[in-house]
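Enquirer: Fold the following, please.
(one chain, ligands or ions: 1)
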Amino acid sequence: MRRIVLQTGAAVKGKADATRVILTSYMSGDTQKTFYLETFGCQMNVHDSEKVIGTLVQQGYRQVETVEQADLILYNTCSIRDKAEQKVFHRLADFKKLQAQGKRFGVLGCVAQQEGDKVFERAPHVSLVCGSASYRNLPEMLVQIEAGKRATGLDDRQTDECFETEFTARTNPYRGYITIIEGCDKFCAYCVVPFTRGKERSRTSESVLAEARQLVDLGYSEIQLLGQNVNSYKDPAGKKSFAELLAAVGEVPGMRRVRFTTSHPRDFGRDIVEAIDATPTLCDHVHLPVQSGSNHVLDAMQRLYTREQYLERIGWMKAATREISITTDVIVGFPGETEADFEQTLNLLEEVGYDGVFTFKYSPRPNTPALELEDAISDQEKARRLEVLMSRQREIQINQNKKHIGKTSEVMVEGHNQARGQWIGRTSQNKTLNFTAPDDATPKVGTYADVTILSTFPNSLLGQMVI
Ligand code: SF4
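Expert: Next up, the predicted model:
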């Protein structure tokens, strides 16, 4: 049985249990309306789903673990790549026959916002289509679909609404997510997000800090601040810059770790690095997507910075007192990317010495400016470039990770691998550190342990817990 912790607005310091509503009726309430929710895509979607679950539970629904058990089947979708979008329509087709049993289907998130009513044409058994900026209207939409009607919730790009709710079903008991900014105004040539998630709109620093304090009171020690471009944050009350907000969240009494993702290079200021240096609770990891090492491609992608400007930001991080680990995203095969452009990306990987790279093959997406460009690079060539890039990065990561041998790092214990007899931990630098513990010590998941690193692999470290 999976427990859902429903965070309510009535947190009282030192009374964490009193503020957690544990939904133990989960498997028993036979007469209760039930829902199944599957989430695709990024961390923003995962956290949106936590808020959607909280909203549904408030409306008297109970979450179940299989489509077959559910009255309402929901997909929180991602349209960043064609594959992710197709997956949703395949799922809908696979379960269409269940409509005869009175089950209802809903499509949420980016595909919903992008396709709108066209979802009903492609999958007529769907009765709810709702983009992320309309989740606040879910209670009314649920009433409509329960009455056998269809409901559509779509916002135009100019919406000022953020989906703030005090009912969030936090499914990770140790790491709490807080969305501080929604939407995107950058319009990279390949990306659907500005069309599916609306314009950039930030929450006040006061409301972010109140949520952070509330999470600490509930027992969370690690907070992750989220935004499509988290560092484009602009306090509507004008009180705090992003770097000041980071530091203030890090200084909340009881806070142990603060992460933030994803940063946009154009808005990445030196003050963020200074905040990391000055605030020990801010994790020493920055994810800064570069996408390409070639100015020609960056310009075509409309990324709003040059290779030189990007490297300047990397220089700030490398000059920091703390050793900041740096990860990135790279797209290969963007229209017009020549072999020389690609070489520049490989060369940038070496120059930065990334601790991790998420790699993608370019795929054309609806409504994006890049659709106008000829996608002349074959899929085979894109796959080759991806392979070359991943193998180059593997070598870089082997060397990066080796530097940690002999050092001791604090990890948050995230789980136990029974088969290997190892514990799984995560360092402040966001590295997976598997470790063994002495016989008389049993690390508790969600707590912290010091681990000495004994050996390393391309994607993880191995160590021994220090008592
Ligand atoms: S910054 Fe670019 S890639 Fe990121 S969400 Fe906005 S448009 Fe998409």
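Enquirer: Could you use CA atoms for every contact and neighbour count after this?
Expert: Will do.
Enquirer: Check whether Ile314 really touches Val352, as I assumed.
Expert: Yes: the pair Ile314 / Val352 is scored as a contact, 7.1 Å apart, by CA atoms under 8 Å.
Enquirer: more neighbours, those two?
Expert: Using other CA atoms under 10 Å as the criterion, Ile314 and Val352 rank with Ile314 on top: 21 against 15.
Enquirer: So that one, which state does it fall into?
Expert: helix (DSSP: H, G, I helix; E, B strand; the rest coil).
Enquirer: How about the contacts made by it?
Expert: Val352 (CA atoms under 8 Å, 6 or more residues apart in numbering).
Enquirer: so who does Val297 touch?
Expert: So Val297 contacts 334, 336-337, 341 (CA under 8 Å, 6+ apart).
Enquirer: which among these end up buried?
Expert: With burial judged by 16 or more other CA atoms under 10 Å, the buried subset of those is 334, 337, 341.
Enquirer: Just send those residues back as TSV, with pLDDT, secondary structure and distance to the ligand too.
Expert: Shown next, in TSV, are the buried ones among the contacts of Val297 (pLDDT from 0 to 100; DSSP: H, G, I helix; E, B strand; the rest coil; distance: CA to the nearest ligand atom, whole Å):
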residue	pLDDT	secondary structure	distance to the ligand
Phe334	98	coil	13
Glu337	98	coil	17
Asp341	98	helix	19
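Enquirer: How many residues are close by Lys83?
Expert: 11.
Enquirer: Please report how far it lies from Phe40.
Expert: Note on Lys83: its distance to Phe40, by CA to CA, to the nearest Å, is 11 Å.
Enquirer: quick one: the helices in the chain?
Expert: Using DSSP state H, the helices of the chain run over 43-58, 82-94, 110-115, 118-122, 138-146, 193-196, 205-217, 242-250, 270-278, 295-300, 307-318, 339-352, 379-402.
Enquirer: So what touches the longest one?
Expert: It stands for helix 379-402. 332-333, 342, 346, 349-350, 353-357, 359-362, 455-461.
Enquirer: Could you check how far that helix is from the centre of its chain?
Expert: 23 Å (CA atoms, centre = their mean, to the nearest Å).
Enquirer: ditto for stretch 240-259
Expert: Computed by CA atoms, centre = their mean, the chain-centroid distance of stretch 240-259 equals 19 Å.
Enquirer: Restrict it to CA atoms and write it as CSV.
Expert: Listed next in CSV are the C-alpha coordinates belonging to stretch 240-259 (Å, rounded to 0.1, in the frame of the first residue of the first chain):
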residue,chain,number,x,y,z
LYS,A,240,14.1,39.5,-3.7
SER,A,241,16.2,38.6,-6.7
PHE,A,242,16.5,34.9,-7.5
ALA,A,243,19.9,34.7,-5.8
GLU,A,244,18.5,36.4,-2.7
LEU,A,245,15.5,34.0,-2.7
LEU,A,246,17.9,31.1,-2.9
ALA,A,247,19.9,32.3,0.1
ALA,A,248,16.7,33.0,2.1
VAL,A,249,15.3,29.5,1.4
GLY,A,250,18.7,28.1,2.4
GLU,A,251,18.5,30.0,5.6
VAL,A,252,15.1,28.7,6.7
PRO,A,253,15.8,27.1,10.2
GLY,A,254,16.0,23.3,9.8
MET,A,255,16.7,23.4,6.1
ARG,A,256,19.5,21.0,5.1
ARG,A,257,19.7,21.1,1.3
VAL,A,258,18.3,23.4,-1.4
ARG,A,259,18.5,22.6,-5.1
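Enquirer: Show me which residues of it are buried.
Expert: So stretch 240-259, judged by 16+ other CA under 10 Å, has buried residues 240-243, 245-251, 254-259.
Enquirer: and what of stretch 38-46?
Expert: Buried-residue list, stretch 38-46, by 16+ other CA under 10 Å: 39-41, 43-46.
Enquirer: Which positions in the stretch 151-300 of the chain make contact with the ligand?
Expert: Where the stretch 151-300 of the chain comes near the ligand, counting by CA under 6 Å from any ligand atom, the residues are 184, 186-188, 191, 193-194, 228.
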